[in-house]
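got a sequence here, can you build the structure:
(chains A and B)
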Amino acid sequence: MKHLLSDSIVITKRQILQLARIPELLIFSTIQPVMFVLLFRFVFGGSIQTSQPGGYVQLLMPGIFVQTVAFTLAATASGLAQDMTKGLIDRFRSLPISRGALVIGRTFGDALLNILVLAVMAAAGFAVGWRPTSGFTRIALGFLFLFSFGYALSWIGIYVGLVVRDARVVQNVGFLVTFPMTFLSNAFAPTTGMPKALQYVAEWNPVSSMVAACRQLFGLKNEFGATANSWPSQHPLETSLLYMIILMAIFIPLSVRKYANSSN
Amino acid sequence: MKTVSAEHLTKTYNKGEVRALDDLSIDVTEGTVLSVLGPNGAGKTTTVRILATLLKPDSGSAHVAGIDVIKHPDKVREVIGLSGQYAAVDETLTGWDNLVMFGRLYHLGKQQSINRANDLLERFSLTESARRTIKTYSGGMRRRLDLAASLIVQPKVLFLDEPTTGLDPRGRMEMWGVIEELVTGGVTVLLTTQYLEEADQLADEIAVIDHGKVIARGTSDVLKRQVGGERLEITVENSEVAKVQEIVARISAHATHIEGRTVSAPVSTGSTALIEALRALDEVSIHPLDIGLKRPSLDDVFLSLTGHLAEETVSQPAKRKRGGKR
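Reported below is the predicted structural model:
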């Protein structure tokens, strides 16, 4: 236990070094979200009607921020699965390092990556007309929310990586989780266009709460949700916080236990 | 003194379907090399994984450097080095990155980790490629780096699980050289292999295991003697085989064996028998294509102990469910 933090930081540093040794990894993990910003802004932006001052891009950016932090779940999972399949995991286990350092270190590394990706996206959004109006504190709080949500989700990624173990399969599982999760929400389009049953799913989807929370913190009216007048759509900040706590309360112990047992 | 000892280890996989270890007991004397020899699926890797704290046995006990492996795995990890059959290093990093990282994970200071990495790279002739990612390394270089990584804290016990499997002959020779050097340095080594030649070359003692049990144990010489003494072997032209068989039968008291153009039989008189055979052949003007005394190889040992060759895989269904070696 004594070395848990320092061991985790060594593992995090390793991840940063990997990015330095293979810069392509970093380039592609930042190009993809920027590409999404541009595509959604210019493909959907013209056809989705909104009364929002500043236009669709104001509503889009919170949605796409949340989507991007959710997508890193897949990267967390496949990175860990890769470590688990090669002999490397045996080496780590045969070292006198703290249990849990390998997974905790990875969540730190992915959190750092999220900061970078969010910064790049914010710049890209700014370039195509995104202008949050709520002032520095609330905007910063919005990003803190995004960062925390990403961190909570990375524990799902850890668990998926430990359970599935094959890096190629993990990629697919990651997409199977993150695509419906981000699209069955208020992130890109009004939920009112969905079949009624799906509307309820979207209402209670943590992604919707997160997007709504960010919109609120960035000074926007949450136009795309609130069809069913549900509690989450009326209290997006509280709901998001609650979701983050629940996710971590479930997946951190699950993952730590799974990791501890994964060799027997 | 026994630096490694394991008593009555059992381990089953797939809810008892596959019995990997079946009451296996083994020990290694301080400062010596024990080679665990056996075919694929015999339980070699399982044994190493238990001793290296990666796996818990179903029953039995094990001690490494006097520390209970099951009760105090953390303490065991501080005194062992493990080098497996897959190079367990981070391929996306450089050799130097890897060794420094492992040094930090052994809780060496930053400068100490760097110094140790530099020393080890030098010692394993990897200094030139220290700043290249492992992806660009040859198989032999990877194994050397892997071995270097297991030596960061100068372990008391080194576990080498099939250290040369998959290497080309040159890589294997290099690896043997490195291991021999380590042994001279006084470390206790438990080495698994399916190459009889390797056990012969490196080990002070050999334990032959099959189906999760030790079936024979001793020095290479003792094991070879168990199989029988020397054999006289003569290879001649086809037309001369019958005549040579008569000669061999006269010299040896045992039954002769013919395989193709080669006639052989056990002899107890060593070089005297060889001289006798040469004289007899000369008398009838037969010039052998090949003649000699053959000592039994470890292959013969294995064959006579297990009824199958070392390289043959014992069929064990569903042994590798997840594609990994246990």
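
how about the contacts made by the closest residue to residue B:140 other than its chain neighbours?
Spatial nearest neighbour of residue B:140, excluding adjacent residues (C-beta to C-beta, 6 or more residues apart in numbering or on different chains): residue B:171 at 3.1 Å. Bear in mind the C-beta positions are built from the backbone N, C-alpha and C, glycine included. By C-beta atoms under 8 Å, 6 or more residues apart in numbering or on different chains, the residues touching residue B:171 are B:138-140, B:143, B:164.

now residue B:162
Residue B:162 neighbours (C-beta under 8 Å, 6+ apart): B:44-45, B:84-85, B:192-194.

do residue B:44 as well
Counting by C-beta under 8 Å, 6+ apart, the residues that residue B:44 touches are B:36, B:38, B:161-162, B:192, B:194, B:209.

for residue A:82, same thing?
Counting by C-beta under 8 Å, 6+ apart, residue A:82 has contacts residue A:167.

now it. Its backbone dihedrals?
phi -60, psi -40 (degrees, to the nearest 10).

and the stretch 1-150 of chain A, which of its residues are near chain B?
Contact residues (C-beta under 8 Å from any C-beta of the partner chain) of the stretch 1-150 of chain A with chain B: A:3, A:6-7, A:10, A:13-14, A:17-18, A:21-22, A:85-97.

let's go with 7 Å and repeat that
Counting by C-beta under 7 Å from any C-beta of the partner chain, the stretch 1-150 of chain A comes close to chain B at A:3, A:7, A:10, A:14, A:17-18, A:21-22, A:85-88, A:90-91, A:93-97.

show me where the stretch 51-200 of chain A has helices.
Per DSSP state H, counting those that start in this stretch, the stretch 51-200 of chain A carries helices over the ranges A:56-85, A:88-94, A:101-127, A:136-164, A:167-183, A:196-204.

now the buried members of the residues of the stretch 1-150 of chain A next to chain B.
Buried subset of the residues of the stretch 1-150 of chain A next to chain B (neighbour count, 16 or more other C-beta atoms under 10 Å in any protein chain shown): A:3, A:7, A:10, A:14, A:17-18, A:21, A:85-88, A:90-91, A:93-97.

what sits up against stretch A:245-260?
Outside stretch A:245-260, the residues that touch it by C-beta atoms under 7 Å, 6 or more residues apart in numbering or on different chains are A:99-100, A:103, A:152-153, A:155-156, A:158-159, A:162-163.

now do stretch A:113-128
A:29-30, A:33-34, A:37-38, A:41, A:57, A:61, A:65, A:68-69, A:72, A:143, A:146-147, A:150.

circling back to that earlier point, which of the contacts of residue B:171 count as buried?
So, by 16+ other C-beta under 10 Å, the buried ones in those are B:140, B:143, B:164.

what sits against residue B:63?
Here residue B:63 is in contact with B:5, B:69 (C-beta under 7 Å, 6+ apart).

change it to 10 Å
Counting by C-beta atoms under 10 Å, 6 or more residues apart in numbering or on different chains, residue B:63 touches B:2-7, B:27, B:51, B:69-72, B:76.

buried residues in whichever strand or helix holds it?
Following DSSP states H and E, one finds residue B:63 within strand B:59-64. Buried residues in strand B:59-64, counted by 16+ other C-beta under 10 Å: B:60, B:62-64.

what is the rounded mean pLDDT of it?
The pLDDT scores in strand B:59-64 average 95.

relative to the helix or strand that comes right after it, what are the paired strands and their orientations?
Later in the chain than strand B:59-64, the nearest helix or strand by DSSP H and E is strand B:67-68. Sheet pairing of strand B:67-68 (DSSP bridges) gives strand B:59-64 (antiparallel).

anything in stretch B:28-36 near chain A?
No - residues of stretch B:28-36 contacting chain A under C-beta under 10 Å from any C-beta of the partner chain: none, with a closest distance of 17.3 Å.

tell me the gap between that stretch and the middle of its chain.
Stretch B:28-36 sits 12 Å away from the centroid of its parent chain (C-alpha atoms, centre = their mean, to the nearest Å).

what's the answer for stretch B:33-43, then?
Distance of stretch B:33-43 from the chain centroid (C-alpha atoms, centre = their mean) equals 7 Å.

show me where the stretch 151-300 of chain B dips below the pLDDT cut-off.
Counting by pLDDT under 70, the stretch 151-300 of chain B has low-confidence residues at B:228.

so which bits of it are right by chain A?
Close to chain A, as judged by C-beta under 10 Å from any C-beta, the stretch 151-300 of chain B has residues B:152-153, B:159, B:161.

so, low pLDDT: which residues of chain A?
In chain A (pLDDT under 70), the answer is A:1, A:223-228, A:263-264.

now the helices for the stretch 51-200 of chain B?
B:73-77, B:95-105, B:110-123, B:139-149, B:169-184, B:196-202.

for those, which one ends up most surrounded?
Each of the helices of the stretch 51-200 of chain B was given a mean neighbour count from mean count of other C-beta atoms under 10 Å in any protein chain shown, and the largest, a mean of 25, is that of helix B:95-105.

and the residue lying closest to residue A:202 once chain neighbours are set aside, how many neighbours?
Distances taken as C-beta to C-beta, 6+ apart put residue A:191 closest to residue A:202, at 4.4 Å, once the chain neighbours are dropped. Residue A:191 sits with 23 neighbouring residues when counted by other C-beta atoms under 10 Å in any protein chain shown.

distance of residue A:191 relative to residue B:12?
53 Å (C-beta to C-beta, to the nearest Å).

same check on residue A:247?
37 Å.

drop anything exposed from the residues of the stretch 151-300 of chain B next to chain A.
Neighbour counting with 16+ other C-beta under 10 Å marks B:152-153, B:159, B:161 as buried within those.

closest one to residue A:174 out of those residues, please.
For these, the residue nearest residue A:174 by C-beta to C-beta is residue B:161; the value is 32.4 Å.

quick one: contacts for the closest residue in space to residue B:183 that isn't next to it in sequence?
Excluding the flanking residues, the one nearest residue B:183 by C-beta to C-beta, 6+ apart is residue B:33, at 5.5 Å. Contacts for residue B:33 were tallied using C-beta under 10 Å, 6+ apart; they are B:158, B:160, B:179-180, B:182-183, B:187-191, B:199, B:202-206.

mind running it again at 8 Å?
Counted by C-beta under 8 Å, 6+ apart, residue B:33 has contacts B:183, B:188-191, B:202-205.

again, but for residue B:217
By C-beta under 8 Å, 6+ apart, the neighbours of residue B:217 are B:205-208.

show me what it bridges to in the sheet.
Going by DSSP bridges, residue B:217 forms beta bridges with residue B:207.
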